[in-house]
Each structure stands twice: as structure tokens, then as C-alpha cells.
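In: the sequence isn't on hand, but the structure is:
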């Protein structure tokens with residue numbers, strides 16, 4: 001969720017340096033496609049101090065009103081920003097003058113009633129006696145145009161600000177330390193699919209909205225969210241398609257690899273689930289690609305129970321497990337072998353286990369004796385022909401339906417919240433290749449390194 005990460009980054013960056021009523025909210029652009037709100041008071045003083053990292057200084061010494069919410073936004077042109085309420089404009093100026101002396105920002109410059117500061121040559125801060133806006137990254141060449149944009153934002157009234165927008169009105173109903181509302185079109189491409197499962201084919205990404213509440217629960221950044229649409233017809237179909245999700249069980253929780261960086265948990269009837277996926281444009285493309293080599297549609301139709309998708313890295317490597325009601329598709333593997341696309345092949349790799357090769361890509365798949373479908377996709381060189389990460393602690397193909405010890409600690413500690421949910425995602429921040437993300441997120445809620453999303 002790039003807007004969450006960047007929002008936290010903007011807030012943290014500004015406050016790390018130091019550390020009219022509700023009119024400041026009107027500064028948030030009405031046309032924003034994503035909005036987030038952070039309530040520092042509800043986070044608690046201890047967590048707030050971790051974010052600010054200002055030593056013994058009081059957070060209010062920055063001149064900002066920390067008892068009021070901060071808002072982040074993303075506009076259709078990709079502009080990212082933060083809006084905070086100013087308690088004392090002179091104190092803000094004093095803060096920046098001090099920081100300028102330390103080489104952390106430029107000296108405040110006043111233009112047309114507002115003051116502007118460049119922070120670390122990347123972020124432009126503008127403020128009045130009522131509100132502060134931070135936008136970035138901004139190059140020196142873009143500074144003048146960005147200042148003019150901020151001037152217009154400061155001049156907005158309720159008719160032109162965000163308060164009367166549908167996104168803000170939804171955001172205002174969410175009571176949580178951190179709240180967010182975003183169109184699916186504002187989400188990063190690699191993260192949007194799990195949130196749009198169930199979207200009908202006639203729906204544009206801008207018509208699918210995610211509303212979520214974020215809080216810290218047992219050392220976990222927990223996101224409880226739902227997807228909906230302001231379009232009545234689309235929203236009705238979303239709700240209908242949501243019925244495909246059943247409560248997740250603990251069937252797979254003892255079979256997961258501790259090496260994975262993230263997991264997606266569901267429980268579905270495959271016939272119904274496939275019909276829902278086939279309505280979604282993104283999944284249509286994925287299924288079309290998979291069906292060129294194997295009949296993934298038929299495999300999905302055979303599912304009746306839990307499905308767990310495990311992401312191994314940011315290169316697209318993953319593992320997939322699913323409980324099957326039947327295994328009839330195995331009789332078609334012989335045909336798949338003879339109809340592979342040019343330059344690819346399918347070979348036997350064990351009992352009811354097969355390996356598909358295409359260039360530097362390896363996709364292994366198979367079925368255990370107790371009807372557990374398992375598969376693994378790897379790119380690049382592998383140490384063995386079948387590189388299934390689901391082998392821990394024993395070969396998955398030899399496992400029975402008997403209870404197994406939980407070896408993925410991140411899952412084990414959160415099993416009670418995953419079990420019973422209709423869809424859950426768990427991400428281990430420490431295993432994300434981009435360390436900047438971890439550095440931004442971990443201080444926010446007391447150093448946690450796990451994010452759990454639960455579909456409501």
C-alpha cells in the first residue's frame with residue numbers, strides 16, 4: 001500500500017527533523033484518490049515518542065497541533081502529500097530556523113502569506129497559521145509550481161476541499177489510530193489483486209474502494225478492511241461475490257515455510273471461486289497465462305477448502321497449497337506434456353508430482369495422498385530440479401492429514417486471528433527486499449515487523 005508507506009514516511013521525515021478550528025482539513029484536495037488519517041493521541045504517548053524520536057523535547061514544540069489528526073492524500077496525477085493542523089505558526093518558523101542552522105532544511109521564506117521550506121532537498125513544506133502541507137518528492141525545478149499549488153490548497157473552502165468528498169466522508173466514519181480510504185486504482189499494481197477479488201468485470205479500478213482501520217494488536221500492525229463501491233450496481237455484485245469466502249481453518253497452518261515473506265489465506269469452493277475470478281480482469285490475464293501450460297481452471301474447480309498463497313520474494317516466486325475435493329485433473333497431465341508451448345516441457349518429478357520448465361522458470365506441482373495440491377514457482381537458477389519451499393520440515397508430498405507442528409512462527413503467533421477470517425494476508429516486513437519500507441513502518445507502531453490484513 002504505497003500511500004500508507006509514503007504517508008508514514010512524510011510524517012516521520014518532518015517530525016524526525018524536529019523530532020481556525022477544523023479549517024485545515026479543507027486544505028486536503030477534494031479530488032484525492034486516496035486519503036489516510038493518523039490520530040497520534042489514540043496511538044498513545046509512548047508510541048508517539050517512538051515516531052517523533054525527538055528525545056526529551058515535547059512534541060508540541062514543533063508548533064503543530066498533535067491532538068488533531070494528520071491527513072495524507074494522493075491526487076490523480078500522483079501527487080503525495082500530508083496536511084497537519086498548526087497550533088503556533090511562529091513556533092513552526094522557530095523550529096525550521098533551528099533546523100536550517102543544522103543543515104537539515106532551508107530557511108523559511110514567506111510568499112503571499114505562506115511560508116515555505118525545502119526539507120532535505122526532496123520535500124517541500126508550506127504553512128500558514130492554520131495548516132501545514134508537505135508534498136514530495138519535489139525537485140528544485142518543481143518548487144515554484146508546487147508552491148503555487150500549495151497556495152491554492154490553502155485558499156480552498158469547504159466547497160473545494162476534501163470534507164465534502166465521498167472518500168473523506170467515508171474516512172471520517174472510521175475510528176482507528178490510522179484510517180485509510182483509497183480507490184483500487186491508487187494501490188500499487190503488485191498489491192491490488194487481493195483487494196479486488198470479487199470485482200465484477202464491468203468495474204473500473206477507480207470504482208472499487210478500500211476502507212481500512214489500522215491498529216497495533218499483539219506486536220502486529222493489524223489492518224481490518226473491506227472493499228465496496230459507490231456505484232450501487234457494482235457494490236451489489238461485490239457483496240454477492242464476497243459470499244464465496246468461507247471461514248479459514250487451521251488445515252494449512254502447520255505446513256507453511258518460515259522463509260516466506262507473506263501469505264494469503266482463503267477457504268472456498270473451487271467451482272464458485274473460479275466463476276468469481278473469471279469476472280476480474282486482472283485474474284483473467286493470470287489464468288490465461290497459466291492455462292497455456294496446464295489446465296489451472298480445472299485444478300481450481302477441484303478445490304474445496306483452504307487455499308494458501310505464499311510469496312517467497314519480490315521477484316514473483318511463490319508457493320501455493322489447496323485442499324482438493326477431487327484429483328481427476330491428474331489424468332490430463334499426459335495431454336499437457338504433449339501440448340506445451342514451444343521451448344517448454346513437463347516432466348515427472350515423483351509420485352503425482354511434475355515439473356514444468358520454460359527458460360529459467362520452474363513450476364513444480366503435485367497432489368499428496370490426502371488430496372493436498374501443492375505447487376512452487378521459481379525463477380533463475382535453482383539448486384534442484386524441484387525447489388519446493390513447502391518441504392519444511394519434511395517433504396510435503398509425504399505428509400498425511402495428521403496435525404503437523406507449526407514451523408512458520410509469524411503464522412503460529414497469529415493463527416487465532418487468521419483462523420475464522422474470510423480472507424487474511426500476513427506480511428513479514430523484515431523479509432521485504434526494500435529495507436526502506438521496514439525502516440518507515442517499524443517505528444510507527446512500536447517496532448512491529450508484521451502486517452496482518454483481515455477482510456471484514
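Out: That came through fine. The structure displayed is predicted, hence computed values, not measured ones.
In: which SS class is the closest residue to residue 252 other than its chain neighbours?
Out: The spatially closest residue to residue 252, leaving aside those adjacent along the chain, is residue 308, at 4.5 Å (C-beta to C-beta, 6 or more residues apart in numbering). Placement of C-beta: from N, CA and C, glycine included. Using DSSP: H, G, I helix; E, B strand; the rest coil as the criterion, the local structure at residue 308 reads strand.
In: burial count for residue 308?
Out: When counting by other C-beta atoms under 10 Å, one arrives at 26 neighbours for residue 308.
In: my read is that it contacts residue 265, right?
Out: Yes: with contacts counted by C-beta atoms under 8 Å, residue 308 reaches residue 265, the gap being 5.6 Å.
In: so what sits against both of these two?
Out: With contacts taken as C-beta atoms under 8 Å, 6 or more residues apart in numbering, residue 308 and residue 265 have residue 252 as neighbours in common.
In: that older thread, contact partners for the residue nearest to residue 252?
Out: 252, 255-256, 263-266, 320-322.
In: what do you get for residue 163?
Out: For residue 163, the set of contacting residues under the criterion of C-beta under 8 Å, 6+ apart consists of 22, 25-26, 28, 169.
In: ok, now how distant is residue 257 from residue 364?
Out: According to C-beta to C-beta, to the nearest Å, residue 257 and residue 364 sit 14 Å apart.
In: neighbour count winner among the two?
Out: The residue with more neighbours, out of residue 257 and residue 364, is residue 364; 24 against 20, by other C-beta under 10 Å.
In: helix, strand, or coil at the more buried one?
Out: Judged by three-state DSSP, the three-state class of residue 364 is strand.
In: does it touch residue 356 like I think?
Out: Yes: under the criterion of C-beta under 8 Å, residue 364 is in contact with residue 356, at a separation of 7.5 Å.
In: mutual contacts of those two, please.
Out: With C-beta under 8 Å, 6+ apart, residue 364 and residue 356 have no common neighbours.
In: residue 359 touches residue 345, doesn't it?
Out: No: assessed by C-beta under 8 Å, residue 359 is found out of contact with residue 345, at 11.1 Å.
In: between those two, who's got more neighbours?
Out: When neighbours are counted by other C-beta under 10 Å, residue 359 and residue 345 differ, and residue 345 comes out ahead with 12 against 8.
In: that one reaches residue 356, doesn't it?
Out: Yes: distance between residue 345 and residue 356: 7.3 Å, which falls inside the contact criterion (C-beta under 8 Å).
In: what segments of the stretch 201-350 of the chain are strands?
Out: Across the stretch 201-350 of the chain, reading from the start of the chain, the strands by DSSP state E, counting those that start in this stretch fall at 209-216, 221-228, 262-269, 303-311, 318-324, 344-350.
In: what's in contact with the second one?
Out: Spelled out, it's strand 221-228. In this structure, residues lying in contact with strand 221-228 by C-beta under 8 Å, 6+ apart are 184, 195-196, 198-199, 208-216, 235, 238, 417, 441, 444-445, 448, 450-456.
In: hmm, back to that, take the strands of the stretch 201-350 of the chain and write them to TSV, including mean pLDDT.
Out: Written out in TSV, the entries for these read as follows (pLDDT from 0 to 100):
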stretch	mean pLDDT
strand 209-216	92
strand 221-228	93
strand 262-269	94
strand 303-311	94
strand 318-324	93
strand 344-350	92
